[in-house]
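Sharing a sequence plus its predicted fold:
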Amino acid sequence: MRFRLARPSVLVDIGAITGLRYLTRDNGTLTIGAMARDSDVERAPWIGEPRWGLVSDVSRVVADPIVRQSGTIVGSLCHNDPAGDWTAVALAARASVVVRGTAGDRTVPIDEFLVDSFTTSVAEGELAIEARIPVPGDRTSGAYLKIERKVGDFATAAAGVQLTLDERGTIRQAGVALSAAGATALRVAEAERVLVGQTPTADLLRAAGAAAATASQPQGDLRGSVEFKKHLAGVLVERGLRTTLERLGVQL
Ligand SMILES: Cc1cc2nc3c(=O)[nH]c(=O)nc-3n(C[C@H](O)[C@H](O)[C@H](O)COP(=O)(O)OP(=O)(O)OC[C@H]3O[C@@H](n4cnc5c(N)ncnc54)[C@H](O)[C@@H]3O)c2cc1C
C-alpha cells in the first residue's frame, strides 16, 4: 500500500482477534496462529533447542526488531514476497497453512499455497488462520542463512535447509529452499534428491550447493547481478548444510 501497488477500498483489521495469537506444540506439530508475531517465535522458550535451528535462525533475521514486533508469520506467508524469509523456511520445513472460509477449513501444503509473486491460494472471502510446521525429530536440525545489504533489508540471497539423519548418520530427509531466487521462494528438489540416502561429506554438500546455484532464478537489481546471486545461493546452501550438521554433532 505504501508503494501504491495496492489501493484497497476496504481494509479489514484482524489485529484485534487475540484468539488467533498462539504458538502451540501438540501431537508433533508447531501451530502458529495468524496473529502470532515474529517476535513471539524469537522469544519462545524452546527456540534454543538444536532441532529448531531453521526456525530460530529465521526468527532473528526478518527485517528488524521493530518490524518483528508487529509482523506475523502467517501474514508473511500470505504476502508471499519473492524475497520473503518465512516462505523459504516453510518450504524447507514442509509446512502447511490452514485456510478458513464459509465452506469450512482446508489445509494447504506450502508448495501449493505459494502460487506466484504476492499471490497465494487464499481465495476471496477466506482467511489463513494458522501455519503448521512438523516438530523436528531428535536427529533433525536446520539453518537459515541470509545475505542482506544492511540490517532490516530484504535478502540479496537466502537459503533454508533442514536435515534428518538416521541412526547410522545417513540423511533420511532433506529440505532445501531459496529466497530471492525466483517469482516465489523456491524448493530445490534436485539438492534434496542429491542429499537423501547419502552419508554427509564435503563433496556431497558442495554438490547440493551446486544444484541450488543452478536452480536459482534471481533477478539482477541493485542488490546484485544474476550471476552473483546464483553463486550466493550455492554458497549459502552449502554453508547452511554444514551448520546443520554441526548442530547435529557431525564434523566433516
Ligand atoms: C521495513 C520493512 C522491512 C521488512 N523486511 C523484511 C525482510 O527482511 N524479510 C521478510 O520476510 N519480510 C520483511 N518485511 C515484511 C514483514 O516481515 C511482515 O511480516 C510482512 O509484511 C507481513 O506483515 P503483516 O503480518 O503485518 O501482514 P500484512 O502486511 O497485514 O499483510 C500482508 C498481506 O497478506 C495478507 N494477509 C495477512 N494476514 C492474512 C491472513 N491471516 N489471511 C489472509 N491474508 C492475510 C494481507 O491482506 C496482505 O495482502 C519487512 C517489512 C517492512 C515494513
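Thanks, I have it.

where does the longest helix belonging to the chain sit relative to the chain's centre, distance-wise?
Longest helix in the chain by number of residues, with DSSP state H as the criterion: helix 226-247. Using CA atoms, centre = their mean, to the nearest Å, we find the averaged C-alpha position of helix 226-247 to lie 15 Å away from the chain's own average C-alpha position.

And it, what does it pack against?
The criterion is 3 or more CB pairs under 8 Å, 6 or more residues apart in numbering; DSSP states H and E, and the helices and strands that helix 226-247 contacts are helix 53-59, strand 140-147, strand 157-165, strand 171-179, helix 202-215. (Glycine included, C-beta is placed from N, CA and C.)

All the helices of the stretch 51-200 of the chain, in order from the start?
Secondary structure of the stretch 51-200 of the chain, counting by DSSP state H, counting those that start in this stretch: helices at 53-59, 65-70, 73-79, 86-92, 110-113, 189-195.

now for these, which one comes closest to the ligand?
helix 73-79 (2.2 Å; CB to the nearest ligand atom).

Return the set of buried residues in that closest one.
For helix 73-79, the buried set under the neighbour-count rule, 16 or more other CB atoms under 10 Å, comprises Ile73, Val74, Gly75, Ser76, Leu77, Cys78.

overlap between those and the residues near the ligand?
Among these, proximity to the ligand is found for Val74, Gly75, Ser76, Cys78 (CB under 6 Å from any ligand atom).

near the ligand, which residues of the stretch 101-250 of the chain show up?
The stretch 101-250 of the chain has residues Val122, Leu127, Ala128, Gly152, Phe154 near the ligand, with proximity defined as CB under 6 Å from any ligand atom.

Ser76 is in contact with the third one, correct?
No - using CB atoms under 8 Å, Ala128 is not in contact with Ser76, being 10.7 Å away.

could I get the helices of the stretch 51-200 of the chain as a markdown table with mean pLDDT?
Rendered in a markdown table, the data for the helices of the stretch 51-200 of the chain read as follows (pLDDT from 0 to 100):
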| stretch | mean pLDDT |
| --- | --- |
| helix 53-59 | 98 |
| helix 65-70 | 94 |
| helix 73-79 | 98 |
| helix 86-92 | 98 |
| helix 110-113 | 98 |
| helix 189-195 | 98 |
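
Burial-wise, tell me which of these comes out on top.
When you average the neighbours per residue for each of those (mean count of other CB atoms under 10 Å), helix 86-92 leads with a mean of 30.

got a list of contacts for that helix?
54-55, 58, 62, 73, 76-77, 80-81, 95, 110-111, 114, 131, 133, 142, 144, 158-162, 175-179, 184-187 (CB atoms under 8 Å, 6 or more residues apart in numbering).

Can you give me the buried ones in the longest helix of the chain?
Taking 16+ other CB under 10 Å as the neighbour-count basis, helix 226-247 is seen to contain the buried residues 229-245, 247.

between it and strand 157-165, how big is the angle?
For helix 226-247 against strand 157-165, the angle by axes from the mean of the first three to the mean of the last three CA atoms, to 10 degrees is 30 degrees.

relative to helix 202-215, how tilted is helix 226-247?
Between the axis of helix 226-247 and that of helix 202-215 there is an angle of 140 degrees, by the same axes, to 10 degrees.

could you give the angle of helix 226-247 to strand 140-147?
Computed by the same axes, to 10 degrees, the angle between helix 226-247 and strand 140-147 is 150 degrees.

Just the mean pLDDT for helix 226-247, thanks.
The average of the pLDDT scores along helix 226-247 is 98.

give me the low-pLDDT residue ranges for the stretch 51-200 of the chain?
Regions of the stretch 51-200 of the chain meeting the criterion pLDDT under 70 are absent.
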